[in-house]
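J.: Need the 3D shape of this:
(2 chains)
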Amino acid sequence: MAEQKTIRFKIRRQDGPDKPSRWEEFDIPYREKLNVISCLMEIQKNPITAAGAKTTPVVWECNCLEEVCGACAMQINGQGKQACSALIDKLTQPIVLEPLTKFPLVRDLMVDRQIMFDHLKTVHAWIPIDGTYNLGSGPRMPEVTRQWAYELSKCMTCGCCMEACPQVNARSKFMGPSAINQVRLFNAHPTGAMNKHERLAPLLDEGGIADCGNSQNCVRACPKDIPLTTSLADLNRETNKFALDRWLRK
Amino acid sequence: MSTTQKPYHFLIRRAHSLLGLVPIGLFLTFHMFLNLTAHGGAEFYDKVIGTMQSVPGIFIIELVVIFIPIAIHAIYGTWVVYTGQSNVLRYKYARNWFYIIQRISGLYTVVFIIIHVYLMRFVEANFSALSAFLSQPLGLILYALGILFAIFHFVNGLWAFAITWGLTIGPHSQKIWMYAMVLVFIFLSAIGLANIAAFL
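T.: This is a model prediction of the structure:
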């Protein structure tokens, strides 16, 4: 048999939020069509470093394994990506895995993305349809609107845009592009548009849309190809109109 | 999560954007064109400066149209720089480079303007004084960089201005506007560097 081909991984390990971080390297036997998660599963089965030392299995998060849940977002070769859709055959080696830097670390590659869900609450990223009586059917959504709104709805709150955004960091309260994109999505919906103001108002606050720095990394980092910069620019127009109108009506 | 309403945040950011064009960007453009008079020779240039300085109420105009807007834009802009964290080594995109250059050029321009105003307003403002300053290599570099960075900051800021005010929304219109800005940058830079050349 020919010499076994291997895949070299370099993984940033950290046992807990307040523990020091360290690098560990692993060699995984090569197979065709592996992704980063299947390699992490190999490490889980056999947690031995490339140097032959026994170690703990690498901790990471994953769920759907088909790039729709966002749970397995991590830095792969320096950029935020989904580990499930990161194909080994397309990556340069050694494959460097690190946790996302914009969220509190839990352990190894696992971070707490709670802040993103808090931002969704801040901007009211839902359509209120519950009442004490039957509200009946809502207005119809034009097909042309549905087509582009569907693209916005693909967001899985993975955090790749937050990771890529220079304006999202410990010194800034910027909520990042994903929550702002949801405002455009729900305001485009004919029923959602009835509560437009509840979503536009939080965008005027600190951490809202005005904190965008136009680096436009988000739109390139988004694994779902959501036109984030278009949503930001569109909501710039909408928030300008909203703020001026609200002020003039005071 | 509590949503503490800070109604001035949005207003300050939008005012910061607007001030960059009106009056600062317009003043910069006017300034570049006015300095072309240096090609008319020392005597003519000094006469133009003298005329400008004898405009009635020039001090008030300078204060309201130039000094205060630039001071507000610079002070708030420095805060904006502080709240950013460049990641251009991980995300090597052209726009991400422009993001960091916009901040570097802004900070440099603040330092440059302080030196420039100190020399022109409080030391000596005439052709021979500037000519002597630009004859030193460091003085020349300071000015050439100052002019190019100030123009870059204005032009790249104007690109973002169109997004901030919701004018260019899609990627195509943003790209077309960027091409227009490249032309403006080349045009203003040529004038700016020609201004320097007049003093050499």
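J.: All the helices of chain A, residue numbers only.
T.: A:36-45, A:114-122, A:143-152, A:160-164, A:177-188, A:196-203, A:217-221, A:228-248 (DSSP state H).
J.: Packed most tightly, which of the ones you listed would that be?
T.: Highest mean neighbour count among the helices of chain A (mean count of other C-beta atoms under 10 Å in any protein chain shown): helix A:160-164, with a mean of 27. C-beta: built from backbone N, CA, C; applies to glycine.
J.: Same list (the helices of chain A) but as JSON lines, adding mean pLDDT and distance to chain B.
T.: Shown next, in JSON lines, are the helices of chain A (pLDDT from 0 to 100; distance: least, C-beta to the nearest C-beta, whole Å):
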{"stretch": "helix A:36-45", "mean pLDDT": "97", "distance to chain B": "17"}
{"stretch": "helix A:114-122", "mean pLDDT": "98", "distance to chain B": "5"}
{"stretch": "helix A:143-152", "mean pLDDT": "98", "distance to chain B": "11"}
{"stretch": "helix A:160-164", "mean pLDDT": "98", "distance to chain B": "5"}
{"stretch": "helix A:177-188", "mean pLDDT": "98", "distance to chain B": "11"}
{"stretch": "helix A:196-203", "mean pLDDT": "97", "distance to chain B": "5"}
{"stretch": "helix A:217-221", "mean pLDDT": "98", "distance to chain B": "5"}
{"stretch": "helix A:228-248", "mean pLDDT": "97", "distance to chain B": "2"}
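J.: Export those as CSV, with columns for distance to A:Q4.
T.: Shown next, in CSV, are the helices of chain A (distance: least, C-beta to C-beta, whole Å):
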stretch, distance to A:Q4
helix A:36-45, 13
helix A:114-122, 41
helix A:143-152, 43
helix A:160-164, 33
helix A:177-188, 42
helix A:196-203, 54
helix A:217-221, 35
helix A:228-248, 43
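J.: closest to A:T132 out of the ones you listed?
T.: Ranking the helices of chain A by proximity to A:T132 (C-beta to C-beta) places helix A:196-203 first, at 19.6 Å.
J.: Tell me, how many residues neighbour residue 83?
T.: In the absence of a named chain, this looks at chain A. If you count neighbours by other C-beta atoms under 10 Å in any protein chain shown, A:A83 ends up with 23.
J.: You answered for a different chain; I wanted chain B.
T.: Residues lying near B:T83 (other C-beta under 10 Å) number 16.
J.: what's the closest residue to it other than its chain neighbours in contact with, if anything?
T.: The spatial neighbour of B:T83 that comes closest, neighbours along the chain excluded (C-beta to C-beta, 6 or more residues apart in numbering or on different chains), is A:S172 at 4.2 Å. Residues near A:S172 by C-beta atoms under 8 Å, 6 or more residues apart in numbering or on different chains: A:207, A:211, B:83-85.
J.: Relative to A:Q147, how far out is the residue nearest to B:M52 when sequence neighbours are not counted?
T.: With sequence-adjacent residues excluded and distances taken as C-beta to C-beta, 6+ apart, B:M52 is closest to B:I58, at 7.0 Å. According to C-beta to C-beta, to the nearest Å, B:I58 and A:Q147 sit 58 Å apart.
J.: Which secondary structure element is home to B:D46?
T.: Assessed by DSSP states H and E, B:D46 sits inside helix B:42-53.
J.: and chain B, which residues reach chain A?
T.: Within chain B, the positions lying close to chain A (C-beta under 8 Å from any C-beta of the partner chain) are B:1, B:3-7, B:9-11, B:13-14, B:80, B:82-87, B:90-91, B:93, B:95-96, B:98-100, B:159-160, B:163-171, B:174.
J.: buried subset of the residues you listed?
T.: Among the residues of chain B next to chain A, those classed as buried by 16 or more other C-beta atoms under 10 Å in any protein chain shown are B:9-10, B:13-14, B:80, B:83-84, B:86-87, B:90-91, B:93, B:95-96, B:98-100, B:159-160, B:163-166, B:168-169, B:174.
J.: Quick one, grab the pLDDT at residue 60.
T.: With no chain named, the answer covers chain A. On the pLDDT scale, A:W60 is placed at 98.
J.: let's do chain B instead
T.: pLDDT for B:I60: 96.
J.: how near is it to B:P23?
T.: With C-beta to C-beta as the criterion, B:I60 and B:P23 are 14 Å apart.
J.: and if you look at A:P104?
T.: The gap separating A:P104 from B:P23 is 44 Å, by C-beta to C-beta.
J.: helix or strand right after the helix holding B:D46?
T.: Next in sequence after helix B:42-53, counting helices and strands by DSSP H and E, comes helix B:58-61.
J.: starting at the chain centroid, how far to that next one?
T.: 20 Å (C-alpha atoms, centre = their mean, to the nearest Å).
J.: what's the answer for stretch B:45-64, then?
T.: That offset, for stretch B:45-64, works out to 20 Å (C-alpha atoms, centre = their mean).
J.: Between the two ends of it, how far is it?
T.: 25 Å (C-alpha to C-alpha, to the nearest Å).
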